[in-house]
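K.L.:
everything below, folded, please.
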Amino acid sequence: MKSNDIIPVLSKVVWKVLELRLLVLISFCLQMFLILFGNRRKYKANTWLQLSVWLAYLSADWVATIALGILSKDSKNYSTETNFTIMAIWAPFLLVHLGGPDTITAYSLEDNELYLRHLLESIYQLAVAGYVVYSSWHGNNLNYVTIPVMVAGIIKYAERTRSLWLGSSEKFRKSILPPRDPGPNYAKFMDDYTAKKLKDIKSN
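P.N.:
Residues are numbered from 1 along each chain as shown. Alright, predicted model coming up:
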């Protein structure tokens, strides 16, 4: 092997080892940023803050989805990966990340209209996370840790999808407009009054 080929090969090995860990760390940092600053964009007219929140909002789902894809790829070689059981615990945590923080469910009202697409994405990502957990299952105590986190991730993801649906224009319009009230039926009142009056006249 030539000396100038050592660095590219070494960089590939390092990246293969660190890529998933870096993506999970980046996903965690994005979630923390959205938790701290996601709600402040409503109160501060700061262009840099709004741009940063927008980039973090778009990148958070993208990074978590890529990390889930790498986990599902590594699950095929779990017998050769000694730390895969520990790494598989990240799959439910990534589901929690995909559920998003409570400070920002949607960046704009237009994002609420994409609730059907988000529902399809959630089904796919839940299937991938379930596959990763199933592939790493060996019945040890560490595997049972993933169960409550997996349940929390499913609830969080379902909550976000439901919030997007409730925030859609059609559902929002129905929530602010009361059902139509036709008002009193004056015609029926007059018919009853006339019938009662005729009955009183006949009785006299």
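K.L.:
show me what the helix or strand harbouring K171 packs onto, helices and strands only.
P.N.:
Assigning secondary structure by DSSP states H and E places K171 in helix 169-176. Helix 169-176 is packed against helix 109-112, helix 141-166, with contacts defined by 3 or more CB pairs under 8 Å, 6 or more residues apart in numbering; DSSP states H and E. Where you see a C-beta, it was placed from the backbone N, CA and C, and this is true even at glycine.
K.L.:
closest one to A129 among those helices?
P.N.:
Evaluated over the helices and strands packed on helix 169-176, closeness to A129 peaks at helix 141-166, with 7.0 Å, by CB to CB.
K.L.:
the closest residue to D61 other than its chain neighbours: which element?
P.N.:
Distances taken as CB to CB, 6 or more residues apart in numbering put L98 closest to D61, at 6.1 Å, once the chain neighbours are dropped. Following DSSP H and E, one finds L98 within helix 90-99.
K.L.:
hmm, back to that, need the helices and strands packed on helix 169-176 in a markdown table with mean neighbour count and mean pLDDT, can you?
P.N.:
Shown next, in a markdown table, are those (neighbours: other CB atoms under 10 Å; pLDDT from 0 to 100):
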| stretch | mean neighbour count | mean pLDDT |
| --- | --- | --- |
| helix 109-112 | 14 | 78 |
| helix 141-166 | 16 | 83 |
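K.L.:
quick one, helices of the chain?
P.N.:
For the chain, helices defined by DSSP state H occupy the ranges 6-37, 47-74, 84-88, 90-99, 109-112, 115-135, 141-166, 169-176, 186-203.
K.L.:
show me what stretch 59-75 is in contact with.
P.N.:
19-20, 23-24, 26-27, 30-31, 34, 81, 84, 87-88, 90-91, 94, 97-98, 100, 121, 125, 128-129, 131-132, 135-136 (CB atoms under 8 Å, 6 or more residues apart in numbering).
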